[in-house]
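Undergrad: Need a 3D model of the sequence below.
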Amino acid sequence: MSLLFTLLLFESVSGGELILVLLAVFLLFGPNKIPEIARSLAKGIRDIKKATGDIQDEVNKTIAPIKNELMGTVDKLKDDNKIDITNTKKEEKVNVNSDENKNNLSG
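TA: Got it, this is the predicted structure:
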């Protein structure tokens, strides 16, 4: 399996090996069939790319309302937390100062 995978990706194919493969294809299919095979391969690749793009568009169209709703909720939570964090920090400072004042008064 890995040899086939390697050959399909042309990772270790040198120039001589590539010429040998092209010569074998030429001898097996002949000069009349090679353009037809190339056209059908190109059409198949084009169809796969189009199908992939259509699937991505459909998924994005389906997810867009959910994403917008979630982003609105996240923004609202961020705004709410900013107010709470600011209030918490002020209260902590007041509480720390109050505790220090109590310690200073009692000590």
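
Undergrad: Show me the shaky parts of this protein.
TA: 1-11, 13, 82-107 (pLDDT under 70).

Undergrad: Which helix in it has the most residues?
TA: helix 15-106 (DSSP state H).

Undergrad: what's that one packed up against?
TA: Counting contacts by 3 or more Cβ pairs under 8 Å, 6 or more residues apart in numbering; DSSP states H and E, helix 15-106 is packed against no other helix or strand. In short, each C-beta sits where N, CA and C put it, glycine included.

Undergrad: could we number from 47 for the rest of this?
TA: Yes, from this point I'll number from 47; that puts the last item at helix 61-152.

Undergrad: Determine the number of other residues adjacent to residue 121.
TA: Residue 121: 10 surrounding residues under other Cβ atoms under 10 Å.

Undergrad: I meant to write residue 71 there.
TA: The number of residues near residue 71, taken as other Cβ under 10 Å, comes to 13.

Undergrad: which residues touch it?
TA: residue 80 (Cβ atoms under 8 Å, 6 or more residues apart in numbering).

Undergrad: neighbours of residue 103, just the number please.
TA: For residue 103, using other Cβ under 10 Å, the count is 10.

Undergrad: Could you check how far it is from residue 73?
TA: 43 Å (Cβ to Cβ, to the nearest Å).

Undergrad: How about residue 67?
TA: Counting by Cβ to Cβ, the gap from residue 67 to residue 73 is 11 Å.

Undergrad: Neighbour count: these two, which is higher?
TA: Set side by side, residue 67 and residue 73 show more neighbours around residue 67, with 13 against 8, by other Cβ under 10 Å.

Undergrad: gap between the more buried one and residue 60?
TA: Distance from residue 67 to residue 60, by Cβ to Cβ: 11 Å.
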